[in-house]
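>>> Following is a predicted model, sequence given first.
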Amino acid sequence: MPTLTIDGQEITVEANTTVLQACEELGIEIPRFCYHDRLSIAGNCRMCLVEMEKSPKPIASCAMPVGEGMVIRTNSPIAEKARKGAMEFLLINHPLDCPICDQGGECDLQDQAVAYGRGASRFDEHKRAVKDKYLGPLIATTMTRCIHCTRCVRFATEIAGVEELGATFRGEETEIGTYIEEALTSELSGNLVDVCPVGALTNQAYAFSARPWELRKTESIDVHDAVGCNIRIDCRGTEVMRILPRLHEDINEEWLSDRSRYAVDGLALQRLDQPYVRVDGKLKPASWDAAFAAIQARLDAIGRNEAGAVKGERIAAIAGDMADVEAMLALKELFTALGSPNLDCRQDGAKIGGKHRGGYLFNSTIAGIEDADALLLVGCNPRWEATLVNARIRKRWLAGGFPIGVIGGVAGAGVDLTYKYDYLGAGPATLAEIAGGNHHFAKLLAAAERPMIVVGSGALARDDGAVLMDLARRVAQDTGMISADWNGFNVLHRAASRVGGLDIGFLPGEAGRDVAGILDGAGKGEIDLVWLLGADEIDMAALGQAFVVYQGHHGDAGAHRADVILPGAAYTEKDATWVNTEGRAQIGRRAAFPPGEAREDWTILRAFSAVIGQPLPYDNLQQLRQHMVAEVPSLGAIDAVAAGDMGAFGVAGGVGTEPFESPVGDYYLANAICRASAVMAECSRLFTGVGRAGGATGTDG
């Protein structure tokens with residue numbers, strides 16, 4: 001471990017640490033443009049120049065490894081002159097766009113020009129102009145502003161895994177682009193805006209709409225998938241203007257998927273802002289009292305049992321993919337009070353039980369992927385289903401020594417997951433072979449120290465999903481994936497509500513019906529009332545003549561089928577809890593108020609419970625959360641992963657012969673918010689079926 005002196009302070013650091021990193025450990029700020037903590041070192045901008053004793057000229061601190069006895073001066077006249085010169089060169093061709101640039105107010109070039117620049121330029125030549133590049137509907141380009149730091153090129157190649165950006169020509173003629181002008185085919189492309197230190201790449205959907213100092217910033221949680229990315233919601237008044245990633249090393253690092261970032265315009269479109277009741281076949285606006293009265297009348301029409309209670313077996317509730325834990329708990333307790341065992345939060349029909357928590361969690365944790373040394377993907381395509389999990393898998397793969405096997409469906413031969421993998425087979429037969437120990441990949445898993453298996457809903461949402469779960473558990477146990485300090489059995493969920501729903505037991509009770517049973521019963525006239533809590537991904541035609549109550553925030557499939565609509569709050573409009581796929585409870589904060597008469601979901605259920613004489617035992621959010629934590633203590637450990645017990649789950653039996661298929665039909669239109677978004681509709685038009693095949697396959701490289 002070398003020891004060096006920086007600005008008179010002695011410090012000992014790890015070998016291979018750069019001078020810039022050593023300076024940061026001492027709290028010394030070094031300006032930079034091309035350097036980024038998560039990208040390879042380029043040394044392009046020369047803004048990080050410092051003086052090194054015995055060196056004939058300043059050194060680039062980002063690219064210089066520390067050495068024993070080094071003496072570094074970061075604020076000497078030589079270092080200051082070098083930085084001013086570097087800034088002067090960078091600004092030779094940079095246009096004076098600050099008054100109209102979307103990067104204004106949060107631009108590294110602005111900040112560092114003020115802090116480290118000369119304040120004037122000695123160059124009076126004409127500035128060069130560069131034609132703007134087309135990168136798709138998400139990123140606006142003004143390439144005349146580009147300073148050739150190549151952060152975007154390195155991000156696309158290293159993190160996103162799409163080698164579609166690069167530099168053409170040389171010297172003053174250098175341009176960054178896609179060679180052949182076409183849209184980037186990455187689900188992480190929006191992060192290029194974040195890594196760009198100038199205004200060359202900006203958010204096209206947000207362009208010219210607001211300045212950062214006008215916005216109210218709220219830290220919250222993304223619910224477009226089950227990863228639970230940490231986000232920042234920027235609002236002006238009641239309007240959500242943009243969503244940005246927030247640093248969380250254990251989940252999303254500092255990245256965010258395009259769907260989570262750009263579907264923001266869908267929050268304002270096709271919103272449900274007042275109750276509706278269907279009268280003479282048409283939905284008509286109504287008051288809350290009228291909507292509640294219509295539901296109560298239907299419950300009364302169902303009839304009473306011998307005890308005088310509503311016939312609970314004839315009513316049912318389904319929770320959607322974005323429902324929060326508080327709302328699901330309130331709905332569960334309401335229907336339990338009404339005597340109904342027909343509850344389900346598994347909208348896709350996944351055969352997952354709630355008895356053993358370890359049987360439905362991503363037990364290795366997302367950050368734990370970096371500690372694994374072998375991976376088996378079963379019936380999932382993490383690039384579509386959990387983009388940031390896929391990025392973490394790629395990060396581990398780039399480190400080397402990480403064989404990846406894939407079984408099934410869309411994540412099969414020819415599909416680009418952004419890393420090389422060994423395609424093992426299409427369906428259950430291959431998994432059974434590995435479970436029996438007869439497959440070569442079973443031996444590879446057994447030889448690994450920390451192997452992983454990831455089972456997706458492409459396997460679990462089948463009729464034989466419970467049997468496949470049993471096979472996956474046997475693979476984990478027989479290959480040594482589960483030990484005292486490591487659990488390599490993982491379920492990759494797609495729904496933000498799923499783990500929270502399983503934790504609170506939003507599942508069929510004794511003799512209760514699951515989603516398939518509810519739909520079947522409704523079609524046969526055995527279920528008279530179905531309450532949909534934001535559930536839009538089911539077959540609405542299968543509900544038959546059942547009376548449907550839709551509680552949600554968008555006029556999507558559920559609202560079109562509903563007999564009564566109760567307008568709820570979107571995830572940006574409520575204080576609520578979600579549990580991500582690894583079992584980490586997180587709090588989302590309200591950034592704006594719901595539109596019109598819409599209300600937070602748990603308050604709607606609390607109000608209705610009082611109307612029917614079954615008041616829920618809480619009157620405010622604090623009381624509800626205290627009750628929730630008393631019921632499920634793990635929900636009180638915010639931002640902590642509570643390990644689950646494994647036990648025995650799944651059932652033994654025969655499996656089908658059909659190949660696994662990914663349940664994600666269109667990544668960009670996966671939920672009600674996305675389907676309301678004009679930006680996501682354009683992405684769907686451009687990217688569906690594009691850039692999905694012909695990628696990296698074969699054995700681990």
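Noted; the coordinates are in hand.

>>> for the residue nearest to Asn363 when sequence neighbours are not counted, what are its contacts?
Ranked by CB to CB, 6 or more residues apart in numbering and with sequence neighbours excluded, the top spatial neighbour of Asn363 is Asn487, at 3.8 Å. (Each C-beta comes from the backbone N, C-alpha and C, glycine too.) Asn487 makes contact with Gly358, Asn363, Ser364, Met481, Ala643, Met646 under the criterion CB atoms under 8 Å, 6 or more residues apart in numbering.

>>> and those as JSON lines, adding distance to Met322, pLDDT and secondary structure?
Below are those laid out as JSON lines (distance: CB to CB, whole Å; pLDDT from 0 to 100; DSSP: H, G, I helix; E, B strand; the rest coil):
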{"residue": "Gly358", "distance to Met322": "25", "pLDDT": "93", "secondary structure": "helix"}
{"residue": "Asn363", "distance to Met322": "24", "pLDDT": "96", "secondary structure": "coil"}
{"residue": "Ser364", "distance to Met322": "25", "pLDDT": "96", "secondary structure": "coil"}
{"residue": "Met481", "distance to Met322": "31", "pLDDT": "94", "secondary structure": "coil"}
{"residue": "Ala643", "distance to Met322": "26", "pLDDT": "83", "secondary structure": "coil"}
{"residue": "Met646", "distance to Met322": "29", "pLDDT": "88", "secondary structure": "coil"}
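
>>> Return the member of those nearest to Arg83.
The nearest member of the contacts of Asn487 to Arg83, counting by CB to CB, is Ser364 at 44.2 Å.

>>> Pretty sure that closest one sits against Asn490.
Yes: the pair Ser364 and Asn490 passes the contact test of CB atoms under 8 Å, sitting 5.4 Å apart.

>>> Need the overlap of contacts for the two.
Counting by CB under 8 Å, 6+ apart, the contacts common to Ser364 and Asn490 are Met452.

>>> Can you pick out the residue with more neighbours from these two?
Asn490 (33 against 24; other CB atoms under 10 Å).

>>> That one looks like it's in a strand, true?
Yes: the assignment for Asn490 by DSSP: H, G, I helix; E, B strand; the rest coil puts it in a strand.

>>> any idea how far Lys217 is from Phe208?
Lys217 sits 20 Å away from Phe208, going by CB to CB, to the nearest Å.

>>> Asn490 now?
43 Å.

>>> Gly458 against Glu658, yeah?
No: in terms of CB under 8 Å, Gly458 does not count as a neighbour of Glu658; the distance is 10.7 Å.

>>> Tell me which of those two has more neighbours.
Legend: neighbour count by other CB under 10 Å for Gly458 and Glu658, higher for Gly458 (30 against 14).

>>> my guess is that one is in a helix, correct?
Yes: with three-state DSSP as the criterion, Gly458 is located in a helix.

>>> per-residue pLDDT, it?
Per-residue pLDDT puts Gly458 at 91.

>>> Could you report the distance from it to Gly465?
Gly458 sits at a distance of 10 Å from Gly465 (criterion: CB to CB).

>>> which residues touch Gly501?
When contacts are counted by CB under 8 Å, 6+ apart, Gly501 is found next to Ala319, Ala323, Val325, Met328, Cys345, Arg346, Leu507.

>>> In three-state terms, label it for me.
Using three-state DSSP, the structure places Gly501 in helix.

>>> For it, which non-adjacent residue is spatially closest?
Distances taken as CB to CB, 6+ apart place Cys345 nearest to Gly501, at 2.9 Å, with adjacent residues excluded.

>>> That neighbour against Gly505, yeah?
No: counting by CB under 8 Å, Cys345 sits too far from Gly505 to count as a contact (9.3 Å).

>>> The two: who's more crowded?
Neighbour count, other CB under 10 Å: between Cys345 and Gly505, Cys345 has more, with 32 against 18.

>>> do you know how far the more buried one is from Asp102?
With CB to CB as the criterion, Cys345 and Asp102 are 40 Å apart.

>>> for the protein, which spans come out with low pLDDT?
306-308, 409-414, 689-701 (pLDDT under 70).

>>> Try it again at 80.
By pLDDT under 80, the low-scoring segments of the chain are 303-309, 409-415, 689-701.

>>> what does stretch 244-257 rub up against?
38, 159, 187-188, 190-191, 194, 219, 222, 224-225, 227-232, 234, 243, 261, 365-367, 387-388, 391, 580, 584.

>>> Give me the buried subset of the residues you listed.
Buried subset of those (neighbour count, 16 or more other CB atoms under 10 Å): 159, 187-188, 190-191, 194, 222, 224-225, 227-232, 234, 243, 261, 365-366, 387-388, 391, 580, 584.

>>> and the residues you listed, which of them are in helices?
Residues of the buried ones among the contacts of stretch 244-257 located in helices (DSSP state H): Asn191, Asp194, Arg261, Thr387, Leu388, Ala391.

>>> Any chance of the residues you listed in CSV with distance to Cys146 as columns?
Output for these, formatted as CSV (distance: CB to CB, whole Å):
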residue, distance to Cys146
Asn191, 17
Asp194, 16
Arg261, 22
Thr387, 26
Leu388, 27
Ala391, 25
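
>>> Return the member of these nearest to Asn620.
Using CB to CB, the shortest approach to Asn620 within these belongs to Arg261, at 32.9 Å.

>>> Just list the residues touching the closest one, thanks.
Applying CB under 8 Å, 6+ apart to Arg261 gives the contacts Gly190, Arg242, Ile243, Leu244, Pro245.

>>> Which two of these have the greatest separation?
Greatest spacing in the contacts of Arg261, by CB to CB: Arg242 and Pro245 (11.1 Å).

>>> which residues sit in contact with the residue nearest to Gly501?
Residues in contact with Cys345 (CB under 8 Å, 6+ apart) are Ile318, Ala319, Ala323, Met328, Ala495, Ser497, Arg498, Gly501, Leu502, Phe506, Leu507.

>>> now those residues: which count as buried?
For these, buried by 16+ other CB under 10 Å: Ile318, Ala319, Ala323, Met328, Ala495, Ser497, Arg498, Gly501, Leu502, Phe506, Leu507.

>>> What's the local residue count around Gly354?
Neighbour tally, Gly354, other CB under 10 Å: 18.

>>> What segments of the stretch 401-550 of the chain are helices?
Remark: helices assigned in the stretch 401-550 of the chain by DSSP state H, counting those that start in this stretch are 428-435, 440-447, 457-460, 465-478, 498-504, 515-524.

>>> Summarise which helices and strands the longest one is packed against.
Helices and strands in packing contact with helix 465-478 are listed as strand 374-378, helix 428-435, helix 440-447, strand 451-456, helix 457-460, strand 489-492; criterion 3 or more CB pairs under 8 Å, 6 or more residues apart in numbering; DSSP states H and E.

>>> in it, what's buried?
For helix 465-478, the buried set under the neighbour-count rule, 16+ other CB under 10 Å, comprises 465-476, 478.

>>> what's the closest of these to Lys443?
Asp478 (11.1 Å).

>>> ok, that closest one - contacts?
Ala435, Gly437, Ala442, Ala446.

>>> for the stretch 201-350 of the chain, what spans make up the strands?
Along the stretch 201-350 of the chain, the segments classed as strands by DSSP state E, counting those that start in this stretch run 201-203, 216-221, 230-236, 239-245, 276-279, 282-285, 315-319, 343-344.

>>> Ser257 and Asn390, how far apart?
Taken as CB to CB, the span from Ser257 to Asn390 is 9 Å.

>>> Hmm, I typed the wrong one, I wanted Arg298.
From Arg298 to Asn390 the distance is 45 Å (CB to CB).

>>> Of those two, which one has the most company?
Neighbours per residue (other CB under 10 Å) separate Arg298 from Asn390, with Asn390 holding more: 28 against 18.

>>> The residue lying closest to the more buried one once chain neighbours are set aside: what's it in contact with?
Once flanking residues are discounted, Asn390 sits nearest to Pro382: 3.9 Å by CB to CB, 6+ apart. Neighbour list for Pro382: Val389, Asn390, Ile393, Ala411, Leu417, Val454, Gly456, Leu492 [criterion: CB under 8 Å, 6+ apart].
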